[in-house]
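> my questions concern the predicted model and sequence given below.
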Amino acid sequence: MILDTMSLAFLMNMTTMELFTHGGPIMWPILLASFVMITVMIERILFIIRENGTREPEVVEKMLEKTAQGDTDGAIQIGNKSKDFIARILVYALSHKEHSVSTAYIRASNQELTRFGQGIGILDTIVTAAPYLGLLGTVTGMMKTFAALGDGDISQSTGAITGGVGEALIATMCGLAIAIVGLFPFNYLNGRTEDAKQQISDASDALTLIRNKAAAEKTTA
């Protein structure tokens with residue numbers, strides 16, 4: 001948002017401080033929203049980079065192979081050495097097999113998905129609220145303009161009129177800029193969460209097939 005504000009200031013032949021000042025009081029909540037958005041974006045990007053760096057699909061496959069062979073302890077031992085989030089889920093589920101593997105898997109999955117979903121609600125709120133903040137600035141700016149027009153002396157009210165119009169346009173522009181910039185990381189993070197859900201579902205299906213096969217073999221024996 002800071003870069004956006006600087007760009008907007010350049011386009012309007014103003015300094016960043018002048019742009020902020022002419023935007024009126026509504027610029028303070030807009031500025032707060034932009035800082036919160038930037039903070040969440042940076043934290044989530046670092047989270048995604050960290051999670052991508054710890055993904056080990058081959059470890060998950062080895063754990064499933066060990067489970068299929070009936071070596072649950074071996075699968076847990078392999079998973080404990082990995083930071084892969086799917087491996088963590090499998091370790092938790094297999095460690096609680098004496099109760100319910102499926103229930104343990106769902107619980108661990110929910111915990112991991114909660115990690116992926118952190119911050120998305122905040123971004124959603126900012127992307128939704130920012131244009132409304134800009135619209136509120138538009139209303140207050142136009143109210144100042146109409147108040148200046150109501151004074152009667154147009155020659156003395158010219159500065160107040162242009163100031164009110166400028167406040168309305170600047171607030172709207174900044175609110176839209178925040179919403180547009182925040183929309184891209186918001187959609188990206190939603191996509192990453194959906195990818196995580198799909199990977200968790202695939203591992204769950206594989207584990208279910210293994211357990212069903214083992215149960216069928218016991219019944220046959």
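Everything's here; your move. Numbers count the residues shown, from 1 in each chain.
> flag the shaky bits of this protein, pLDDT-wise.
Under the criterion pLDDT under 70, the flagged ranges of the chain are 1-16, 146-166, 221.
> can you tell me the centre-most residue of this structure?
Nearest to the geometric centre of the chain sits residue 120, at 3.1 Å (Cα atoms, centre = their mean).
> just confirm that one contacts residue 191, I think it does.
No: applying Cβ atoms under 8 Å, one finds residue 120 not in contact with residue 191, separated by 10.8 Å. C-beta coordinates here come from the backbone N, C-alpha and C atoms, glycine included.
> the residue nearest to residue 190 when sequence neighbours are not counted and residue 24, how far apart?
Once flanking residues are discounted, residue 190 sits nearest to residue 120: 6.4 Å by Cβ to Cβ, 6 or more residues apart in numbering. Note on residue 120: its distance to residue 24, by Cβ to Cβ, to the nearest Å, is 30 Å.
> go on, residue 91?
Residue 91 is 55 Å from residue 24, by Cβ to Cβ.
> what comes up buried for stretch 168-182?
168-175, 177-179, 181-182 (16 or more other Cβ atoms under 10 Å).
> which one of those residues is nearest residue 202?
residue 182 (30.6 Å; Cβ to Cβ).
> tell me which residues touch that closest one, please.
37, 41, 123, 126-127, 130 (Cβ atoms under 8 Å, 6 or more residues apart in numbering).
> among those, which two are most distant?
41 and 130 (13.6 Å).
> name the residue in these two with the higher neighbour count.
When residue 41 and residue 130 are compared for neighbours, residue 130 comes out ahead with 26 against 22, by other Cβ atoms under 10 Å.
> pretty sure residue 84 sits against residue 52.
No: judged on Cβ under 8 Å, residue 84 makes no contact with residue 52 at a distance of 10.8 Å.
> more neighbours, those two?
Between residue 84 and residue 52, residue 84 has the larger neighbour count (other Cβ under 10 Å), namely 21 against 9.
> so what's that one closest to, chain neighbours aside?
residue 56 (4.3 Å).
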